[in-house]
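Q: Here is my input; please provide its structure:
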Amino acid sequence: MNGIPAADTIALVVFVLFFGVTIIAGSTVSHWKEWFSGGKKAAPSAPVEGHGGHGTEEWGLGGRQFGAWVTWFLVGGDFYTAYTVIAVPALVYAVGAYGFFALPYTIIVYPFIFIVMPKLWKIAHDGGHATAADMIRARFGSRALELAVAFSGLIAVMPYIALQLIGIRTVVQALGFSGEIPLVIAFVSLAAYTWLGGLHAPALTAFIKDIMIYIAVIAAVTLIPIKLGGYGHMFDVMNSVVAMPDADHVMKAGQLMPYATLALSSALAAFLYPHTLTGILAAKSADTVKQNAVYLPIYTIVLGLIALLGMMAHVAGIDTTVSSMVVPYLFLKLFPDWFAGFAFAAIAVGALVPAAVMAIGAANLLTNNILPKSYAGVTTSRIAAFGVKLGALLCVLFLNAKFAIDLQLLGGVIILQTFPALILGLTRFRFSSTGMLAGWVVGTVVGLGICWADGLKPVHMLSIGGWSELVSTGLIALVVNVIVAGVVSVVVPNRSVAVAAE
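A: Just a heads-up that it's a prediction; the model follows:
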């Protein structure tokens with residue numbers, strides 16, 4: 001293991017303690033959640049017509065009762081995931097400054113949330129909608145477009161959950177388990193946590209995740225630089241490992257366009273996923289959503305600090321071809337075993353909480369928008385969420401992405417094709433349902449076709465005339481989608497058109 005000590009029994013005991021307590025707390029949340037309301041039972045929300053009634057909405061949207069603090073933990077908990085703790089440092093370790101594209105992405109997204117998401121929340125609340133596809137059906141009156149948006153969310157979230165399973169598997173492997181045992185542990189943990197707890201499980205245990213992550217990150221960004229000779233020394237070493245192209249730039253000229261377009265496409269896709277939208281719709285008011293858009297950037301600061309772990313690994317002498325193991329190896333090498341076990345538990349919980357919300361958001365799509373209404377109910381939602389996790393497991397087993405982060409970017413290509421119907425439909429531009437559906441079909445085929453041809457790489461060499469640059473595949477497909485939607489809306493206008501939200 002290149003001089004990296006193996007985890008001992010103490011690390012394993014600490015990991016089991018913290019990870020196990022979180023799973024038990026989430027799985028038994030129905031027995032203790034009322035403590036947070038001072039022993040008062042929450043007022044039941046009005047049953048939603050055609051959505052399976054109060055039980056389904058309670059399981060899938062937490063009864064739409066979450067205030068500012070719970071929403072902050074829930075949205076932050078499902079937005080900052082194993083992507084943050086495992087995938088981003090791994091990319092920085094492999095490619096240097098280019099891996100920091102996640103920072104501008106999580107800066108661009110918050111003004112977008114502040115402006116757009118309160119409008120969507122109001123539409124969803126007034127109409128009793130639980131999913132993006134519900135809103136599309138109400139706005140366009142098109143069953144085909146509703147199904148298109150529902151299937152996009154369902155499929156897009158699977159590689160994203162797969163990334164979370166890889167996060168849990170990675171730390172279990174670092175504890176000394178081999179073969180498929182880490183993946184089995186990851187899958188069973190997630191399945192039990194989601195099945196028993198519903199959305200209340202991640203909402204009310206997300207604070208455990210955040211406290212653990214903050215402790216691990218603060219310890220890492222203060223103690224590791226002290227052990228390695230300071231930040232100045234670390235940057236000097238990193239420059240020798242991933243050489244700067246010149247004295248004034250940290251990235252090559254050819255990396256600027258993919259850096260910028262990946263940041264933009266990731267920001268546009270971020271809150272189209274069923275799990276992030278579920279966190280927004282579970283808020284108790286539009287003002288709660290606005291407040292969170294103001295305070296959620298605190299997580300971005302933490303993301304920047306976590307990304308530096310990839311750089312620190314080089315300085316610490318971590319030498320591995322499995323980039324997802326960079327952070328676990330770093331903790332094993334520089335911290336005592338008990339703290340490594342604690343940090344591994346933090347990473348595992350940091351993957352468990354968002355994966356549960358993702359599965360629940362996808363289950364909401366399946367039960368609300370795809371299956372006949374007669375199947376709606378909590379049991380169906382639980383089975384649907386379990387099926388989504390099985391799909392994610394297949395993604396782990398059969399998708400051969402170079403970096404774990406590529407799985408999240410693949411999901412982004414798919415979910416971005418719902419942007420015109422869900423977001424542009426809020427504007428004064430009048431798109432027909434036929435145009436939106438045509439744009440979705442062409443954009444999805446183009447995006448997935450490019451991804452398949454490029455071997456799941458998130459950027460594609462775009463050549464127009466004498467100009468050639470690597471551009472985000474998701475953004476290319478989105479532009480094609482919007483052009484087709486606009487042209488078809490002009491040529492084949494429908495009576496059912498988008499109605500702008502006030």
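
Q: where are the low-confidence patches of the stretch 151-300 of the chain?
A: For the stretch 151-300 of the chain, applying pLDDT under 70 flags no range at all.

Q: Below-threshold pLDDT in the chain: ranges please.
A: 1-5, 29-63, 77-78, 400-405, 494-502.

Q: Just want the most central residue of it.
A: Nearest to the mean C-alpha position of the chain, counting by CA atoms, centre = their mean, stands residue 79 at 4.9 Å.

Q: thinking that one is in contact with residue 277, fair?
A: No: under the criterion of CB atoms under 8 Å, residue 79 lies out of contact with residue 277, with a separation of 11.2 Å. C-beta: built from backbone N, CA, C; applies to glycine.

Q: which residues touch the residue nearest to the centre of the chain?
A: Contact criterion CB atoms under 8 Å, 6 or more residues apart in numbering gives 270, 276, 279, 296, 299, 354 as the residues in contact with residue 79.

Q: From residue 266, how far out is it?
A: Distance of residue 79 to residue 266, given as CB to CB, to the nearest Å: 11 Å.

Q: ok, of the contacts of residue 79, which one's closest to residue 430?
A: Nearest to residue 430, judged by CB to CB, of the contacts of residue 79 is residue 270 at 26.5 Å.

Q: what about residue 182, how many neighbours?
A: With neighbours defined by other CB atoms under 10 Å, the count for residue 182 comes to 21.

Q: With residue 295 instead?
A: Using other CB under 10 Å, residue 295 has 14 other residues around it.

Q: again, but for the one 10 residues further on
A: When neighbours are counted by other CB under 10 Å, residue 305 registers 15.

Q: For the residue lying closest to it once chain neighbours are set aside, give its distance to residue 351.
A: Leaving aside its chain neighbours, residue 305 sits nearest to residue 221 (4.7 Å; criterion: CB to CB, 6 or more residues apart in numbering). Computed with CB to CB, the distance linking residue 221 and residue 351 is 20 Å.

Q: And for residue 95?
A: For residue 95 relative to residue 351 (CB to CB), the value is 23 Å.

Q: Show me which of these two is the more surrounded one.
A: In terms of neighbours (other CB under 10 Å), residue 351 is the more surrounded of residue 95 and residue 351; the figures are 30 against 16.

Q: How about the contacts made by that one?
A: With contact set as CB under 8 Å, 6+ apart, residue 351 has these partners: 81, 82, 85, 86, 164, 165, 167, 168, 186.

Q: The nearest residue to the second one once chain neighbours are set aside is in what secondary structure piece?
A: Read it as residue 82. Among residues not flanking residue 82 along the chain, residue 167 sits closest, at 2.6 Å (CB to CB, 6+ apart). Mapping residue 167 onto the secondary structure by DSSP states H and E places it in helix 143-174.

Q: buried set for that helix?
A: Applying a neighbour-count criterion of 16 or more other CB atoms under 10 Å, the buried positions in helix 143-174 are 145-174.

Q: Can I take it that residue 460 is in a strand?
A: Yes: counting by DSSP: H, G, I helix; E, B strand; the rest coil, residue 460 is found in a strand.

Q: Make sure it is actually in contact with residue 474.
A: No: under the contact definition of CB under 8 Å, residue 460 does not touch residue 474, with a separation of 9.8 Å.

Q: Of these two, give the one with the bigger neighbour count.
A: It is residue 474, of residue 460 and residue 474, that has more neighbours when counted by other CB under 10 Å, with 32 against 22.

Q: Next, the contact list for that one, please.
A: The contact partners of residue 474, taken as CB under 8 Å, 6+ apart, are 265, 269, 409, 412, 413, 416, 447, 458.

Q: tell me what the helix or strand containing residue 414 is packed against?
A: If you go by DSSP H and E, residue 414 is part of helix 405-415. Using 3 or more CB pairs under 8 Å, 6 or more residues apart in numbering; DSSP states H and E as the contact definition, the elements that helix 405-415 packs against are helix 88-95, helix 143-174, helix 253-270, helix 433-453, helix 473-491.

Q: again, only this time at 10 Å
A: Based on contacts counted as 3 or more CB pairs under 10 Å, 6 or more residues apart in numbering; DSSP states H and E, the elements that helix 405-415 packs against are helix 88-95, helix 143-174, helix 253-270, helix 378-398, helix 433-453, strand 467-472, helix 473-491.

Q: hang on, the earlier thing: can you pull the buried residues of the helix or strand containing the residue nearest to residue 305?
A: Mapping residue 221 onto the secondary structure by DSSP H and E places it in helix 200-228. Within helix 200-228, the residues that count as buried by 16+ other CB under 10 Å are 200-210, 212-213, 216-217, 219-221, 224-225, 228.

Q: Quick check: what element follows that helix along the chain?
A: Using DSSP H and E, the helix or strand that follows helix 200-228 towards the C-terminus is helix 231-241.

Q: which other helices and strands contact that next one?
A: With contacts defined as 3+ CB pairs under 10 Å, 6+ apart, the packing partners of helix 231-241 are helix 88-95, helix 200-228, helix 298-315.

Q: right, and those helices - which one's nearest residue 121?
A: Comparing the helices and strands packed on helix 231-241 against residue 121 with CB to CB, the closest turns out to be helix 200-228 (16.3 Å).

Q: what angle do that closest one and helix 231-241 make?
A: Angle of helix 200-228 versus helix 231-241, following axes from the mean of the first three to the mean of the last three CA atoms, to 10 degrees, is 90 degrees.

Q: what angle do helix 200-228 and helix 298-315 make?
A: Comparing the axes of helix 200-228 and helix 298-315 via the same axes, to 10 degrees yields an angle of 40 degrees.

Q: Skipping adjacent residues, who's closest to residue 266 in space?
A: Using CB to CB, 6+ apart and skipping the chain neighbours, the partner closest in space to residue 266 is residue 105 (4.1 Å).

Q: do the same with residue 95
A: Leaving out its chain neighbours, the residue that sits closest to residue 95 by CB to CB, 6+ apart is residue 242, at 7.0 Å.
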